[in-house]
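Everything below, folded, please.
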Amino acid sequence: MNAIKIIVIILDLIAAVLLTATILIQSGKSAGLSSAIAGSSDSFMAKGGSRTMDAKLAKATKWIGLAFVVLSLVAVILVSAAA
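Here you go, the predicted structure:
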């Protein structure tokens with residue numbers, strides 16, 4: 001049982017680091033707003049829709065965040081069951 005707890009906690013730490021990295025890599029929402037006001041040459045068709053890097057990072061953030069929450073809940077259950 002101790003090995004399972006250690007593995008879950010290590011996976012949780014990895015998910016936390018990945019979640020932090022994906023959040024920091026994303027461009028801010030205000031970056032799109034300033035280009036919309038100032039007039040930008042990028043249109044929806046020029047960006048490629050959902051294939052942009054920001055869209056991929058947003059999707060990855062959601063999945064990594066979900067994994068982090070689930071792993072955190074499992075870690076709490078495993079630690080409290082041992083006590």
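
longest helix of the protein?
helix 53-82 (DSSP state H).

tell me what that helix is packed against?
Contact partners of helix 53-82 among helices and strands, from 3 or more Cβ pairs under 8 Å, 6 or more residues apart in numbering; DSSP states H and E: helix 2-25. Quick note: C-beta positions are derived from backbone N, CA and C, even for glycine.

Give the rounded mean pLDDT of the helix it packs on.
The average pLDDT for helix 2-25 rounds to 95.

and what of stretch 66-79?
pLDDT averaged over stretch 66-79 gives 96.

okay, now Ala81: neighbour count?
9 (other Cβ atoms under 10 Å).

how near is the most centrally placed residue in the chain to Leu13?
Central residue of the chain (Cα atoms, centre = their mean): Thr61, 2.1 Å from the mean position. Computed as Cβ to Cβ, to the nearest Å, the Thr61 to Leu13 distance reads 17 Å.

hmm, back to that, correct me if wrong: the residue nearest to the centre of the chain contacts Ala21.
No - Thr61 lies out of contact with Ala21 (Cβ atoms under 8 Å); the separation is 9.8 Å.

so what's in contact with those two at the same time?
Counting by Cβ atoms under 8 Å, 6 or more residues apart in numbering, no residue touches both Thr61 and Ala21.

wait, what's in contact with the closest residue to Thr61 other than its chain neighbours?
The spatially closest residue to Thr61, leaving aside those adjacent along the chain, is Thr22, at 4.8 Å (Cβ to Cβ, 6 or more residues apart in numbering). Neighbour list for Thr22: 57, 60-61, 64 [criterion: Cβ under 8 Å, 6+ apart].

ok, now with 6 Å
57, 60-61 (Cβ atoms under 6 Å, 6 or more residues apart in numbering).

closest to Ala75 among those?
Distance to Ala75, by Cβ to Cβ, is smallest for Thr61 among those, at 20.6 Å.

where's that closest one relative to Ala55, distance?
Applying Cβ to Cβ to Thr61 and Ala55 gives a distance of 11 Å.
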